[in-house]
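[1] Predicted model, plus sequence, below.
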Amino acid sequence: MPNFCALIRLLGAVLIGMLTWFIPRFTGIFAQFGGNLPYLTQVIIGASNVMKNYGLYVGAVVVLIAISVVYSLVTRVLPLERR
């Protein structure tokens, strides 16, 4: 299980790096094409813009959700397993 957690963390770090550094560099190249981009490319560029502009807020929400899930598991699921 620890290897799986490390893999998830690594993939998350790569994804954040791509959304905040790599994709914004290509946005200028795409703008030079002048045509319409495919829908999936527009979604990825939009996600990149959200991460660049609101990354701290997104991170805070993810941390709060993770804390809520862990708290819920500890207070509801684990006591049931001890019976």
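    Yep, it's here.

[2] for the one helix or strand Tyr57 maps to, which positions count as buried?
    According to DSSP states H and E, Tyr57 maps onto helix 39-72. Buried positions in helix 39-72, judged by neighbour count with 16 or more other Cβ atoms under 10 Å: Ile44, Ile45, Ser48, Met51. Backbone N, C-alpha and C define where each C-beta goes, glycine included.

[3] Just the closest of those residues to Met18, please.
    Ser48 (8.1 Å; Cβ to Cβ).

[4] Quick check, the closest one in contact with Phe26.
    No. Counting by Cβ atoms under 8 Å, Phe26 is not a contact partner of Ser48; they are 9.1 Å apart.

[5] separation between Val69 and Leu19?
    Taking Cβ to Cβ, to the nearest Å as the criterion, Val69 is separated from Leu19 by 23 Å.

[6] next one: Ile8
    16 Å.

[7] So the two - more neighbours on which side?
    Using other Cβ atoms under 10 Å, the more surrounded residue of Ile8 and Leu19 is Leu19, with 20 against 10.

[8] How about that one: what's its closest non-neighbour residue?
    Spatial nearest neighbour of Leu19, excluding adjacent residues (Cβ to Cβ, 6 or more residues apart in numbering): Met51 at 4.3 Å.

[9] who touches the one you found in this structure?
    Ile16, Leu19, Thr20, Val58 (Cβ atoms under 8 Å, 6 or more residues apart in numbering).

[10] got the contact list for the last one?
    So that's Val58. Contacts of Val58 (Cβ under 8 Å, 6+ apart): Val50, Met51.

[11] So that it lines up with my notes, have the first residue be 8 from now on.
    All right, first residue 8 from here; so that's Val65.

[12] Just the pLDDT for it.
    At Val65, the predicted lDDT confidence score is 92.
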